[in-house]
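[1] here is a sequence together with a model predicted from it:
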Amino acid sequence: MSTASCNLCPRECGVDRTNGQKGFCLEDDVIYVARAALHMWEEPCISGGNGSGAVFFSGCNLRCIYCQNHEIASGGRGKPISVRRLAEIMLELQEKKATNINLVTPDHYIMQAAEAVLLAKAEGLTIPIVYNCSGYAKKEVIRNLSGIVDVFLTDFKYMDCELAAKYSSAPDYPETAKAALEEMVYIIHRTIREMTARDSNMCLGKEVNITPNAVFDKDGMMLKGVIVRHLLLPGHKRNAKDVIRYVYETYGDSVYLSLLNQYTPMSGIEYRVEAPELCRKVTQREYDAVVDYAIGLGVKNAFIQEGETAKESFVPEFDGEGV
């Protein structure tokens, strides 16, 4: 892996980020973070009662025209920090009783993030590390996270190449996401097998529930596992069903699905003439149809959303808090 001729993500820009050049992700080699704070809006086993210690990185290697976090993905929000400061932020979030450290869109900073995790662990970080990503990652890069990441919280946006090209400028997204997910599952399940082989009933000083597929503490917080998210887009039930079918037929209940209905038309989407369908929220009927499809397949390990989640107020303020 190198950022001197950057090949960290599937884009393989080849730019010299160490010399100030910016890749497709819109970032050079300096870490930019827009927010580091307790975050209550993840899945229940990630946020818990105290909140997930979410670190929101600036930049992204996708270019989703409907991006809910566009202010930081492509809008330039964020403050420059060092690897040392990133490690300190993790320890500060632990002091605030965060359930875990939640690295949000870290792919283009994967080397610095891994280094910061190791520094923080050497100085007393004990809570799990969550890798919260878009799913658009190279398998061989994910492989380097073995022993560093405890929970993979990954999107699986598309099974349709044309849709991936139209909405995210990534026609190779489906095959890339499949390969990345395969590596994530392998890493976590190998880790759990090793824990089981040691016949351990304790983890990080807490009683735990170890299954072949995930590890939870006594309060139901995930310590090891894979969660695959899919955000239902308006008018695209077929794509959602294709994603659910692929994930379930490939991995069964060995991963957890998270079916999201919170798509919110962000300001400016009305000017995207190529995608008028994205100017509205998902209907309850659309979402119910997708959930019913998952149940009909036999999916048991899944999170669903209820109530009014499609609000911009669910997007945090990227005001530099905690940075």
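    Thanks, I have the structure now.
[2] contacts and neighbour counts: CA atoms only from here.
    Will do.
[3] just give me the residue closest to the centre of the protein.
    residue 132 (2.3 Å; C-alpha atoms, centre = their mean).
[4] ok, now which ones touch the nearest residue to residue 317 once chain neighbours are set aside?
    Closest residue to residue 317 apart from its sequence neighbours, by C-alpha to C-alpha, 6 or more residues apart in numbering: residue 35 at 7.8 Å. Shown in contact with residue 35 (C-alpha atoms under 8 Å, 6 or more residues apart in numbering): 54-57, 78, 317-323.
[5] so what does the helix or strand that contains residue 291 touch, helix or strand wise?
    Here residue 291 sits within helix 284-297, counting by DSSP states H and E. Judged by 3 or more C-alpha pairs under 8 Å, 6 or more residues apart in numbering; DSSP states H and E, the packing partners of helix 284-297 are helix 237-251.
[6] returning to what we had before: and the residue nearest to residue 317, that one's in a strand?
    Yes - remark: residue 35 belongs to a strand, assigned using DSSP: H, G, I helix; E, B strand; the rest coil.
[7] report pLDDT for it.
    On pLDDT, residue 35 comes in at 97.
[8] and the contacts of residue 35, which of them are buried?
    Buried members of the contacts of residue 35, counted by 16 or more other C-alpha atoms under 10 Å: 54-57, 78, 318, 323.
[9] among these, which pair sits farthest apart?
    54 and 78 (14.1 Å; C-alpha to C-alpha).
[10] check the gap between residue 173 and residue 64 for me.
    Counting by C-alpha to C-alpha, to the nearest Å, the gap from residue 173 to residue 64 is 12 Å.
[11] name the SS class of the nearest residue to residue 276 once chain neighbours are set aside, please.
    Nearest residue to residue 276, sequence neighbours excluded (C-alpha to C-alpha, 6+ apart): residue 270, at 6.8 Å. State at residue 270, reduced to three classes by three-state DSSP: helix.
[12] my read is that residue 270 contacts residue 66, right?
    No - counting by C-alpha atoms under 8 Å, residue 270 stays clear of residue 66, with 10.2 Å between them.
[13] mind listing the shared neighbours of the two?
    residue 278.
[14] more neighbours: residue 173 and residue 64, which one.
    Set residue 173 next to residue 64 and count neighbours by other C-alpha atoms under 10 Å: residue 173 wins out with 26 against 19.
[15] tell me, what's the model's pLDDT at the more buried one?
    On pLDDT, residue 173 comes in at 98.
[16] rewinding a little: adjacent strands (with direction) for whichever strand or helix holds the residue nearest to the centre of the chain?
    If you go by DSSP H and E, residue 132 is part of strand 129-133. Under the criterion DSSP bridges, strand 129-133 sits next to strand 101-104 (parallel), strand 151-155 (parallel) in its sheet.
[17] buried residues in whichever helix or strand comes after it?
    Later in the chain than strand 129-133, the nearest helix or strand by DSSP H and E is helix 139-142. For helix 139-142, burial by neighbour count (16+ other C-alpha under 10 Å) applies to 139, 141-142.
[18] go on, stretch 207-221?
    208-210, 213-217, 221.
[19] how close does residue 322 get to residue 131?
    Taking C-alpha to C-alpha, one finds residue 322 at 19 Å from residue 131.
[20] kindly report the same for residue 31.
    Counting by C-alpha to C-alpha - residue 31 and residue 131 are separated by 16 Å.
[21] now residue 1
    18 Å.
[22] okay, the two: which has more neighbours?
    Shown here are residue 1 and residue 131; by other C-alpha under 10 Å, residue 131 has more neighbours (24 against 13).
[23] I figured that one hits residue 149, correct?
    Yes - applying C-alpha under 8 Å as the test, residue 131 and residue 149 come out as touching, 6.4 Å apart.
[24] returning to that earlier point: tabulate the contacts of residue 35 (JSON lines), appending distance to residue 289.
    Compiled in JSON lines, the contacts of residue 35 are given as follows (distance: C-alpha to C-alpha, whole Å):
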{"residue": "54", "distance to residue 289": "31"}
{"residue": "55", "distance to residue 289": "34"}
{"residue": "56", "distance to residue 289": "32"}
{"residue": "57", "distance to residue 289": "34"}
{"residue": "78", "distance to residue 289": "38"}
{"residue": "317", "distance to residue 289": "32"}
{"residue": "318", "distance to residue 289": "34"}
{"residue": "319", "distance to residue 289": "37"}
{"residue": "320", "distance to residue 289": "39"}
{"residue": "321", "distance to residue 289": "39"}
{"residue": "322", "distance to residue 289": "40"}
{"residue": "323", "distance to residue 289": "41"}
